[in-house]
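Peer 1: missing the sequence, but the structure's below:
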């Protein structure tokens, strides 16, 4: 099992708790909105035209701008933690960002976060490298 999902964000939430919230929402979404495959099959049987729709996971991926594979990883608990920025982007799509404020999703500092770690990045357009972090 991976310890966390994503890099660079020092605040994380439990992937298990986030997955529970997402699964509940996805189940409700899918029951209220048939997926494109179900709708296509029904239309073909009735001789109608194609009408598309997103499944819950596809809806999350499309509207959050995140990869469907990354959302699947959360739902399968492939990591112990998910970065706060990733969790927040998903919760905002489903209008449940209040879960961060009410304590259901506890925000903690990533246990693997090292504030003394040096990160070397390229400055866009300048071709120079810039060091970030605390030097020893």
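Peer 2: All right, it came through fine. A quick note: this is a predicted structure, and the numbers were derived from the prediction, not measured. Residues are numbered from 1 along each chain as shown.
Peer 1: what residue ranges in the chain are flagged as low confidence?
Peer 2: Applying pLDDT under 70 to the chain picks out residues 1-9, 34-53, 115-136.
Peer 1: just the helices in it please.
Peer 2: 15-32, 36-46, 56-64, 68-75, 84-93, 98-101 (DSSP state H).
Peer 1: For those helices, could you give me JSON lines that also reports distance to residue 109?
Peer 2: Using the backbone N, CA and C atoms, a C-beta is placed for each residue, glycine as well. Conversion of the helices of the chain to JSON lines gives the following (distance: least, Cβ to Cβ, whole Å):
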{"stretch": "helix 15-32", "distance to residue 109": "16"}
{"stretch": "helix 36-46", "distance to residue 109": "41"}
{"stretch": "helix 56-64", "distance to residue 109": "24"}
{"stretch": "helix 68-75", "distance to residue 109": "20"}
{"stretch": "helix 84-93", "distance to residue 109": "10"}
{"stretch": "helix 98-101", "distance to residue 109": "15"}
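Peer 1: Rebuild those helices as JSON lines, extending it with mean neighbour count.
Peer 2: Converted to JSON lines, those look like this (neighbours: other Cβ atoms under 10 Å):
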{"stretch": "helix 15-32", "mean neighbour count": "16"}
{"stretch": "helix 36-46", "mean neighbour count": "12"}
{"stretch": "helix 56-64", "mean neighbour count": "18"}
{"stretch": "helix 68-75", "mean neighbour count": "16"}
{"stretch": "helix 84-93", "mean neighbour count": "19"}
{"stretch": "helix 98-101", "mean neighbour count": "13"}
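Peer 1: Mind checking these for the one nearest to residue 108?
Peer 2: helix 84-93 (9.3 Å; Cβ to Cβ).
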